[in-house]
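Enquirer: build the 3D model from these lines:
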Amino acid sequence: MNYTGAYSVYAATAQDSFAGGNGRVAFMVQARNGTKHWDSLPDSGWSVDNLSPSAPAPLTAQYAAGSARLHWNRNTEADLAGYRLYRGSSPAFVPGPANFVAELADTGHTDAAGAPSVYKLTAVDLHGNESPVAMATPTGTTDVEGGAPPAAFALTLGGVNPMCAHGVLRLAVPRTSRVRVTVFDATGRSIRTLADGELPAGTHTLEWDGADAAGHRAANGLYFARCDAAGTPLVARFVLAR
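Expert: Sure thing, here's the model as predicted:
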């Protein structure tokens, strides 16, 4: 029981509503004046959880031999139920039943899609609230499988500039090479490494989700992507503006 001199108060319920029951809780008000008191008729109410989890981050994906290996960090929400994975042919696809891949409890998945695809991932809580979308295009994909390799190393933007929530880079690799691609902010501070290892010849898609190596959202501003490959430094410049 709580006493207040006001005519309204926020009262906590015992639980949120959910599919198996609405968690209805009864309340009553008692007015007091010295030793006298007057009781109201009881009434009841329930709370509704309509707050979605945050988007899984960072979502990474790598394609090889017909399969894409995806990984992300676990969400911290106490009522997290799991994740939903979707697959599409372009970054513009809208997640839905037609492109749903799997309901997942863990933070990794191998998708034997047979061809490079774009993936979108959401987190879902116990009350059915679905998070904003995290998107990834696997590294290691080539534009034309079995086609002629690019003539020279090149690093270009593959999406809009300024970027809103994620950025896409295209890396042309003329021969199998060890490659390192890193995003730096305007002060020269390293923000995120997008590729660090041997890549086969081809044109590779690299995705930056707008987060640093720890999964924290990067601030709006000017950024540089630097590629070091075979002694050839390449730089692409872009702006993050959410």
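Enquirer: got the domain ranges for this structure?
Expert: With automatic domain parsing as the criterion, the domains of the chain are listed as 1-48, 49-138, 140-242.
Enquirer: make JSON lines out of the ones you listed and add mean neighbour count.
Expert: Any C-beta I mention is one placed from the backbone N, CA and C, and that applies to glycine too. Listed next are the domains of the chain as JSON lines, based on neighbours: other Cβ atoms under 10 Å:
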{"stretch": "domain 1-48", "mean neighbour count": "10"}
{"stretch": "domain 49-138", "mean neighbour count": "17"}
{"stretch": "domain 140-242", "mean neighbour count": "16"}
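Enquirer: mean pLDDT lowest for which of the ones you listed?
Expert: Within the domains of the chain, the least confident segment by mean pLDDT turns out to be domain 1-48, at a mean of 74.
Enquirer: tell me the centre residue of the protein?
Expert: The chain has Ala134 as the residue nearest its centroid, 2.8 Å off, counting by Cα atoms, centre = their mean.
Enquirer: for the nearest residue to it once chain neighbours are set aside, what are its contacts?
Expert: In space, Ala134 comes closest to Leu59 once its chain neighbours are excluded; the distance is 4.1 Å by Cβ to Cβ, 6 or more residues apart in numbering. Contacts here follow Cβ atoms under 8 Å, 6 or more residues apart in numbering; on that basis Leu59 touches Leu70, His71, Trp72, Tyr119, Leu121, Ala134, Met135, Ala136, Asp209.
Enquirer: which one among the residues you listed gets closest to Arg32?
Expert: Nearest to Arg32 among the contacts of Leu59: Ala134, at 53.6 Å, using Cβ to Cβ.
Enquirer: and the closest one, bridged to which residues?
Expert: Legend: beta-bridge partners of Ala134 under DSSP bridges are Leu121.
Enquirer: right, and it touches Asp209 too?
Expert: Yes - under the criterion of Cβ atoms under 8 Å, Ala134 is in contact with Asp209, at a separation of 6.4 Å.
Enquirer: what's the overlap in contacts for these two?
Expert: Residues touching both Ala134 and Asp209 (Cβ under 8 Å, 6+ apart) are Ala57, Pro58, Leu59.
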